[in-house]
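Participant: have a look; sequence and predicted model below, questions after that.
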Amino acid sequence: MELYGPRGWWPVVTDAGNQGHDAKGYHPLDYSIPATAHRRFEIALGAILTQNTAWRNVRLCLESLDEAGAIDMQRLLALSDERLEALIRSSGYYRQKARKLKTLARFFLENGYGEVSAASTPSREELLSLWGIGEETADSILLYAFGVPVLVIDAYTRRILARLKGEELSDREIRDYLSSATEGKAVKQQRRILNEFHALFVEHGKTRCAKRSPDCDHCGIKAWCKGPF
DNA sequence: TCCCAGGGGCCGA
DNA sequence: TCGGCCCATGGG
């Protein structure tokens, strides 16, 4: 946080999803649970679209979907598969992802999870049971769309910790290793910490701890790292 | 031209 | 459980 400042994730792309904020994009220091169904659904769609995909390619899809009025469960389900695939083409894997988005929309709709007023939250097991939603996507949706205090572990998290400690850690070990940061804290605090944890791992992974040629010369946590340098 | 990106499903050891 | 393969576009 000292190195990069608060990220204020999840990045919101559309105007309708960004109510109460002046600009699109990040919303620093706002760790509130999404206040609109549009925003909640946009976050969940983005979590699927960004699977193994650069965010800049996802952003285009979310803007296209918004223009088509499809950041809405019923309206997304009303689209033909071909139309939906065309709208999300730039995120790659577009046939699979079109199916995943509809699966999610159907699930939200049938259980009322898309309605912010209902204040009901899906369980992790429910999300994992859906076709196309694995651990990272489930945890991202829980944390950023519903405010559930869970740690999101992604490729950046694993790579950065592996380099810091000089050995690969299992996800279980990563959870144990980072658990002291949230232990004994109020849920609201945990939500803020976990929100930033994932966002900062992504920031550090993109700007410094790249897979191929990490920029160790400008790395602010080099002193604690076992390499590579 | 090749590598990489905020994964996940599926299959055979 | 675990490795390998597939899905697919776009930028460096």
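Facilitator: Arrived safely, thanks for sending. Numbers count the residues shown, from 1 in each chain, chains lettered A, B, ... in the order given.

Participant: can we go C-alpha only for contacts and neighbour counts from here?
Facilitator: Fine.

Participant: how about the residues of chain A near DNA strand B?
Facilitator: A:10-11, A:47, A:50-55, A:92-93, A:128-138, A:140, A:154-156, A:202, A:206, A:210-212 (C-alpha under 7 Å from any atom of the strand).

Participant: kindly recompute the last result at 6 Å.
Facilitator: A:11, A:47, A:50-55, A:130-138, A:154-155, A:202, A:206, A:210-212 (C-alpha under 6 Å from any atom of the strand).

Participant: near DNA strand C too, which of these?
Facilitator: Okay, of those touching DNA strand C (C-alpha under 6 Å from any atom of the strand), that's A:Thr53.

Participant: which of the residues of chain A next to DNA strand B count as buried?
Facilitator: The neighbour count (16 or more other C-alpha atoms under 10 Å) marks A:Pro11, A:Ala47, A:Thr50, A:Gln51, A:Trp55, A:Gly132, A:Ile133, A:Glu136, A:Thr137, A:Ala138, A:Asp154, A:Val202 as buried among these.

Participant: contacts for the longest helix anywhere in chain A, please.
Facilitator: For chain A, the longest helix by residue count, based on DSSP state H, is helix A:187-207. With contacts defined as C-alpha atoms under 8 Å, 6 or more residues apart in numbering, helix A:187-207 is touched by A:1, A:4, A:6-9, A:31, A:143-144, A:147-153, A:156-157, A:160, A:181-182, A:211, A:215.

Participant: list only those of those residues flagged as buried.
Facilitator: A:6-9, A:31, A:143-144, A:147-153, A:156-157, A:160, A:182, A:215.

Participant: among these, which are located in helices?
Facilitator: Using DSSP H, the buried ones among the contacts of helix A:187-207 in helices are A:Tyr156, A:Thr157, A:Ile160.

Participant: pull the number of nearby residues for the nearest residue to the second one once chain neighbours are set aside.
Facilitator: Read it as A:Thr157. Distance criterion C-alpha to C-alpha, 6 or more residues apart in numbering; nearest residue to A:Thr157, sequence neighbours excluded, is A:Phe201 at 5.7 Å. Neighbour count for A:Phe201, taken as other C-alpha atoms under 10 Å: 21.

Participant: ok, the residue sitting nearest the centre point of chain A - contacts?
Facilitator: By C-alpha atoms, centre = their mean, chain A has its centre lying nearest to A:Ser140, at 4.3 Å. Residues counted as contacts of A:Ser140 (C-alpha under 8 Å, 6+ apart) are A:Ala44, A:Ala47, A:Val152.

Participant: gap between the host helix or strand of it and the chain center?
Facilitator: Secondary structure from DSSP states H and E places A:Ser140 in helix A:135-140. From the chain centre to the centre of helix A:135-140 is a distance of 7 Å (C-alpha atoms, centre = their mean, to the nearest Å).

Participant: I'd like the average pLDDT over that helix.
Facilitator: Looking at helix A:135-140 alone, the average pLDDT works out to 98.

Participant: quick one: low-confidence ranges for chain A?
Facilitator: Chain A contains residues with pLDDT under 70 at A:19-24.

Participant: quick one, helices of chain A?
Facilitator: A:37-49, A:55-67, A:73-78, A:81-87, A:94-111, A:124-129, A:135-140, A:146, A:155-165, A:171-178, A:187-207.

Participant: redo the ones you listed as TSV? Include distance to A:His27.
Facilitator: TSV is the format used below for the helices of chain A (distance: least, C-alpha to C-alpha, whole Å):
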stretch	distance to A:His27
helix A:37-49	13
helix A:55-67	15
helix A:73-78	24
helix A:81-87	25
helix A:94-111	24
helix A:124-129	26
helix A:135-140	17
helix A:146	16
helix A:155-165	22
helix A:171-178	25
helix A:187-207	12
